[in-house]
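In: give me coordinates for this.
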Amino acid sequence: PHKDRCEEILGDFSMRVVLLDSGYEYFDPLSLTRPTFEMSMGLGSLREEILKLVDPSDVILVTRPHLIEYLKDRSNLKVFPSLGEVLDEGPVLLLDGRGRGVKKVLEIADNWDRDILIVDSKGRPLGIYLARGLRDVDVPDLSSILPALRERGREVKREPCEGAELIVSPWDLLPRLDEVMNHVHQPPLMSDVEGDVETGAVILGERILIEKGAYVEAGARLDARSGWILIEKGAYVEAGARLDGPVHVGEGSVIYSCSRVSSSYIGPVCRVGGEVEGTVIEGYTNKHHHGFIGHSYLGEWVNLGAGTTNSDLKNTYGTVRVWLGGRRVDTGRMKYGVLIGDMVKTAIGTMIYAGRKIGVSSHVYGTVRRDVPSFTIWREGGTNEELSLEKALEIQERMMKRRGMELSRSLRSLIERVFHLTKGERESLG
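Out: Predicted structure coming up:
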């Protein structure tokens, strides 16, 4: 988005950049249908950030096998299932898919003539720069490269990168999404109103960009005093809507009357009503009606029934705990909402407890007190059953036709693969 207003491609940048699907287990179920470098963490994905700076022919993606076909179709880039397949020649810059604000790395990388471990301000690895290739070695991920280098007697220098950050997990992002959007992404925006803004709309603060083709009705309130606001072309903000920055409204999205959106990223072609706070909503998702969604992450093609609301705060004011890899994990956060996978549907009046996850293509009714596996019809206090693959595909075809789109072969294949990958989740539910 808004590529024409972003940094020009680095003219003398002369190396391959490899984006790695690292840490995906923390982002389940969203990561079942996308690599971590495809996740929008406040201002688009890492892939989008890199492509604003580097020629696409120099960018390589490494992800899990079941995502490769769909990712090739979606990105038109080179995609591999193994890191070992791209390390024969150097120089090469390997980046963790959860890194953000990495422009600084690209600016200084061409000056390096040795192997470098790049870390953020907290000492967390953002990536590794290899001055020379690494041949005949099995390295499944970023963490295994350092031992391989040491075994070959190659010294690795540690280099901090100020301003960049590794987003380790959803609870490392959502409770402070405003901070990440304001200080890590730092979009190059100045106040610029090119779209149509009716007389009577209230605009407060600086760093508001309303792109040509966007429309803001009289009575809407855009407050950028606490963070930037970007409204992309084709987006529409109705009368009575309130946006408290930082807020990104994607191309073709609609913010309905009497809604309030704060510290949130709204992807393309979304429909948003009610209250949304500290939340990432990927593209083509409907939250048309009233209800609160806070400190949460919603995937693509989700539909929330009227009144759907999540909790993001416990009555005890204690920290929220989640299930991860079969064990309870304390997020250390007092405010943390829910993760909702792609193609999920919620019934009217659905209530979701803090820290819960709803898997890909599941349908939920009533109150959600525990994690819901993918492809599950969930009824609180009732009989839960599997949503058949045939029905899931049929529903997705219908939803896409409503937007004038067709279910591609690669997306169909991805849905089929995720259905089979998650069969064990449903069997454990009983």
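
In: just the C-alpha atoms of the helix or strand containing residue 390, please, in PDB.
Out: Assigned by DSSP states H and E, residue 390 belongs to helix 389-402. Provided in PDB are the C-alpha atoms of helix 389-402 (Å, rounded to 0.1, in the frame of the first residue of the first chain):
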ATOM      1  CA  LEU A 389     -14.000 -29.900   4.000                       C
ATOM      2  CA  GLU A 390     -16.600 -29.900   1.300                       C
ATOM      3  CA  LYS A 391     -18.800 -27.500   3.300                       C
ATOM      4  CA  ALA A 392     -15.800 -25.200   4.200                       C
ATOM      5  CA  LEU A 393     -14.900 -24.900   0.500                       C
ATOM      6  CA  GLU A 394     -18.500 -24.200  -0.400                       C
ATOM      7  CA  ILE A 395     -18.900 -21.500   2.200                       C
ATOM      8  CA  GLN A 396     -15.600 -19.800   1.100                       C
ATOM      9  CA  GLU A 397     -16.700 -19.800  -2.500                       C
ATOM     10  CA  ARG A 398     -19.900 -18.100  -1.600                       C
ATOM     11  CA  MET A 399     -18.200 -15.500   0.500                       C
ATOM     12  CA  MET A 400     -15.700 -14.700  -2.200                       C
ATOM     13  CA  LYS A 401     -18.400 -14.400  -4.900                       C
ATOM     14  CA  ARG A 402     -20.100 -11.700  -2.700                       C
END
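
In: OK, contacts around residue 272?
Out: Residues in contact with residue 272 (Cβ atoms under 8 Å, 6 or more residues apart in numbering) are 253-256, 259, 261, 266, 281, 287-288. C-beta here means a position set from N, CA and C on the backbone, and glycine is covered the same way.

In: quick check: buried residues in the next helix or strand along the chain from the helix holding residue 390?
Out: Sequence order places helix 409-421 as the next helix or strand after helix 389-402, per DSSP H and E. Residues of helix 409-421 classed as buried by neighbour count (16 or more other Cβ atoms under 10 Å): 410-411, 414-415, 417-419.

In: closest one of these to residue 331?
Out: Each of the buried residues of helix 409-421 was checked against residue 331 using Cβ to Cβ; the closest is residue 418, at 25.2 Å.

In: give me the pLDDT for the closest one.
Out: Listed pLDDT for residue 418 reads 98.

In: related to what we said a few turns ago, would you reformat the contacts of residue 272 as JSON lines and include neighbour count, pLDDT and distance to residue 37?
Out: Shown next, in JSON lines, are those (neighbours: other Cβ atoms under 10 Å; pLDDT from 0 to 100; distance: Cβ to Cβ, whole Å):
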{"residue": "253", "neighbour count": "25", "pLDDT": "98", "distance to residue 37": "23"}
{"residue": "254", "neighbour count": "21", "pLDDT": "98", "distance to residue 37": "28"}
{"residue": "255", "neighbour count": "27", "pLDDT": "98", "distance to residue 37": "28"}
{"residue": "256", "neighbour count": "19", "pLDDT": "98", "distance to residue 37": "32"}
{"residue": "259", "neighbour count": "23", "pLDDT": "98", "distance to residue 37": "30"}
{"residue": "261", "neighbour count": "27", "pLDDT": "98", "distance to residue 37": "26"}
{"residue": "266", "neighbour count": "30", "pLDDT": "97", "distance to residue 37": "20"}
{"residue": "281", "neighbour count": "30", "pLDDT": "98", "distance to residue 37": "19"}
{"residue": "287", "neighbour count": "27", "pLDDT": "97", "distance to residue 37": "25"}
{"residue": "288", "neighbour count": "17", "pLDDT": "96", "distance to residue 37": "30"}
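
In: reformat the residues you listed as a markdown table; add distance to residue 171 and secondary structure.
Out: Below are the contacts of residue 272 laid out as a markdown table (distance: Cβ to Cβ, whole Å; DSSP: H, G, I helix; E, B strand; the rest coil):
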| residue | distance to residue 171 | secondary structure |
| --- | --- | --- |
| 253 | 26 | coil |
| 254 | 30 | strand |
| 255 | 26 | strand |
| 256 | 29 | coil |
| 259 | 26 | coil |
| 261 | 21 | strand |
| 266 | 21 | strand |
| 281 | 18 | strand |
| 287 | 22 | strand |
| 288 | 28 | coil |
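
In: so which of those is the closest to residue 385?
Out: residue 287 (25.8 Å).

In: just how off-centre is stretch 347-359 within its chain?
Out: 19 Å (Cα atoms, centre = their mean, to the nearest Å).

In: correction: stretch 301-315
Out: With Cα atoms, centre = their mean as the basis, stretch 301-315 stands 18 Å off its chain's centre.

In: show me which positions of that stretch end up buried.
Out: Using 16+ other Cβ under 10 Å as the test for burial, stretch 301-315 gives 301-312, 314.

In: using TSV, lay out those residues together with secondary structure, distance to residue 321 and pLDDT.
Out: As requested, the buried residues of stretch 301-315 are exported to TSV (DSSP: H, G, I helix; E, B strand; the rest coil; distance: Cβ to Cβ, whole Å; pLDDT from 0 to 100):
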residue	secondary structure	distance to residue 321	pLDDT
301	coil	29	98
302	coil	24	98
303	strand	28	98
304	strand	24	98
305	coil	27	98
306	coil	30	97
307	coil	26	97
308	coil	23	98
309	strand	20	98
310	strand	16	98
311	coil	13	98
312	coil	14	97
314	coil	9	96
